[in-house]
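Student: fold the following.
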Amino acid sequence: MRIAYCIHSLHLFGGIERVLSIKANYLADVYGYDIHIITADLKGRAPHFALSDKIKLHDVGVSEKFMLHVYGRRLNRILCEIRPDICVSVGGRDIFCLPSCTDGSIKVSEFHFSHEKYAVKYGGSFFGNLYARFRIGQIEKVAAKLDKFIVLTKSDKKDWEPFVPNVTSIYNPLTFKSEEVAALDNEKCIAIGRLESQKNFRDLVAAWKYVAEEYPDWVVEIYGNGSQKESLQKQITSLGLDRQVRLMGSSSDIRSKMLGSSCLVMSSAYEGFPMVLLEAVETGLPMVSYDCPKGPAEIIIDGKSGYLVKPGDVKGLARRVCDVISDADRRKKFGAKAKETAAQYSIDRTMEQWKKLFEDLVTKKQL
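Tutor: All right, here's what the predicted structure looks like:
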C-alpha cells in the first residue's frame, strides 16, 4: 500500500512531528508500506526525528499557512506523481486542499487538537467567540468532505459527530518502551512542551511559588523551547524561583529525564492527546494535570494514577503537586497504577488499528 502524509515541516521538535515519525517508520519497516511524506517548507533542513531509509520525502517549497492556493497546486502535482492509495493530512491547513486534489487517492485527515481548541484559544469575548466558531466551522465543513476524519480521543469523537459523520478516534501510540520505571525518590518534577501559549507554563511557574513555600528543596525542570522562553525566565526570576524552576531546553532523551523525576506536571490550556502523559504512564510517573480539553481525563485515573485539576486553578495545581511530593507511598501507588495502563497505548496495538482503517478504506473504494 502506498500512503502519502502531508505535514507543515519535520524539522520541529513537536508532538505531531514525533508521532508522525513513529507511525511512518512502523508502516514502512513493519508492514512494508510505501510511505511518502510531503512537507510544505522543509527547505533542506534535516528532520528532527529519525526516519526509516525506506521513507521518501518531498517538499512543496511554500508554506500552506500563507500561500494556500500556490501550495495546493504544487501539492496536487506531487500527489499526481506519487499516486498514493491514501493521502493523509496531519492537521495543518493542507486539509483544505485535499478535496480538490485530482490524484485519485482516498483522503484522510488526523486532527491533533480538540474540537474546543479555537473556543479555548480565542473565546471569552463576543468577537473572539465569533472567530472561534468560524475557524472550527471551516474544519467541520472540509472534514465532512473527506473519506475519514481521525481524532485522538473518544470524548472528542462525540463532539465532532454532529458535524462530521465520518469521524473516528485512534489514540496516539507510545513513543518508546521502557522496562525500567522511575524510582520516584528524586526531589524533582518534570514538565515538557513547547514554550508557547497553548502549554500555559505561566500557570505552572505561578503554581510553583506555592510549592516552593512548602517544599523549597523540590525543583521542576521544564523541557522545551519556544517564543515564550524569555518571558517565562523573567517570570521565574521575578518570583524568586531561579533555583526551583529550570528551563532546560529540548532533549532527545526524554525517557531518561522522566526516569530521573518523581512527578510529571502539565498545565496546558488545551491538547489533542498529550504525548507527555503517555510517556509518563510508560515510565511509571505520577501525574498532575489540568483537566483541559482533551486527553488528560482519558489517561489519568484521578486519585489513582495522578490528579486532575480544574483548568486555571493555579492554587489547586500547586496543592495537588504538594500532595504527591508529601507522600512517598502515594507516589509509588500512583506510579504503579500509571504503568498498569500503559499497554493500551502500545505502538503495536495502535498501528493495528491504523492498518485496519487503511485496508478497510481501500477495500471499500474497490467495491
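Student: what are the ranges of the helices in the protein?
Tutor: 15-29, 68-82, 117-122, 126-143, 154-160, 201-214, 229-238, 254-259, 275-282, 296-299, 314-326, 328-340, 347-366 (DSSP state H).
Student: compare these and give me the one nearest Val181.
Tutor: Minimum separation from Val181 across those (C-beta to C-beta) falls at helix 328-340, 5.8 Å. C-beta coordinates here come from the backbone N, C-alpha and C atoms, glycine included.
Student: buried stuff in the closest one?
Tutor: Arg331, Phe334, Gly335, Lys337, Ala338, Lys339 (16 or more other C-beta atoms under 10 Å).
Student: which among those gets closest to Val62?
Tutor: Using C-beta to C-beta, the shortest approach to Val62 within these belongs to Ala338, at 43.2 Å.
Student: and the gap between the residue lying closest to that closest one once chain neighbours are set aside and Met258?
Tutor: Closest residue in space to Ala338, ignoring its immediate chain neighbours: Ser305 at 4.1 Å, by C-beta to C-beta, 6 or more residues apart in numbering. Distance, Ser305 to Met258, using C-beta to C-beta, to the nearest Å: 14 Å.
Student: which one of the buried residues of helix 328-340 sits closest to Arg133?
Tutor: Ala338 (36.8 Å).
Student: quick check: the closest one vs Leu12, distance?
Tutor: For Ala338, the distance to Leu12 - C-beta to C-beta - is 28 Å.
Student: repeat for Ile150
Tutor: For Ile150, the distance to Leu12 - C-beta to C-beta - is 21 Å.
Student: ditto for Leu146
Tutor: From Leu146 across to Leu12, the span is 25 Å (C-beta to C-beta).
Student: which one of these two is surrounded by more residues?
Tutor: Leu146 (21 against 17; other C-beta atoms under 10 Å).
Student: was I right about that one contacting Glu110?
Tutor: No: the criterion here is C-beta atoms under 8 Å, and Leu146 misses it with Glu110 at 10.7 Å.
Student: low-confidence ranges, the chain, go.
Tutor: Within the chain, no range satisfies pLDDT under 70.
Student: could you redo the last one with a cut-off of 80?
Tutor: Residue ranges of the chain with pLDDT under 80: 13-14, 367.
Student: mind checking how far the closest residue in space to Phe176 that isn't next to it in sequence is from Gly312?
Tutor: Excluding the flanking residues, the one nearest Phe176 by C-beta to C-beta, 6+ apart is Arg255, at 5.3 Å. Noted for Arg255: a distance of 31 Å to Gly312, by C-beta to C-beta.
Student: could you give the number of residues near Glu359?
Tutor: Around Glu359 there are 12 residues (other C-beta under 10 Å).
Student: chain neighbours aside, what residue packs nearest to it?
Tutor: In space, and not counting its chain neighbours, Glu359 is closest to Met1: 7.7 Å by C-beta to C-beta, 6+ apart.
Student: for Leu204, see how far away that neighbour is.
Tutor: For Met1 relative to Leu204 (C-beta to C-beta), the value is 43 Å.
Student: now find how far off-centre stretch 65-77 is within its chain.
Tutor: Chain-centre distance of stretch 65-77: 25 Å, with C-alpha atoms, centre = their mean, to the nearest Å.
Student: which other residues reach it?
Tutor: Defining contact as C-beta atoms under 8 Å, 6 or more residues apart in numbering, one finds that stretch 65-77 is touched by 6, 8, 38, 40, 60-64, 92-94, 96-97, 100-103.
Student: ditto for stretch 149-156
Tutor: With C-beta under 8 Å, 6+ apart as the criterion, stretch 149-156 contacts 108-112, 114-115, 143, 157, 160, 164, 166-172, 272-273, 293-295, 297-298, 357.
Student: just to revisit the earlier point, among the helices of the chain, which is nearest Ile192?
Tutor: Closest approach to Ile192 among the helices of the chain is made by helix 275-282 (4.5 Å; C-beta to C-beta).
Student: which residues sit against the closest one?
Tutor: 15, 18-19, 172-178, 191-193, 254-255, 258, 264, 266, 286-287, 289, 295-296, 299-300, 305, 338-339, 341-342, 345.
Student: ok, now with 6 Å
Tutor: Contact partners of helix 275-282, identified using C-beta atoms under 6 Å, 6 or more residues apart in numbering, comprise Gly15, Leu174, Ser178, Ile192, Leu264, Met287, Ile299, Ala338, Thr341, Ala342, Tyr345.
Student: angle of it against helix 15-29?
Tutor: 60 degrees (axes from the mean of the first three to the mean of the last three C-alpha atoms, to 10 degrees).
Student: quick thing: my sequence starts at 32, can you match it?
Tutor: With 32 as the first residue, the last one maps to helix 306-313.
Student: and the angle for helix 306-313 with helix 359-371?
Tutor: 110 degrees.
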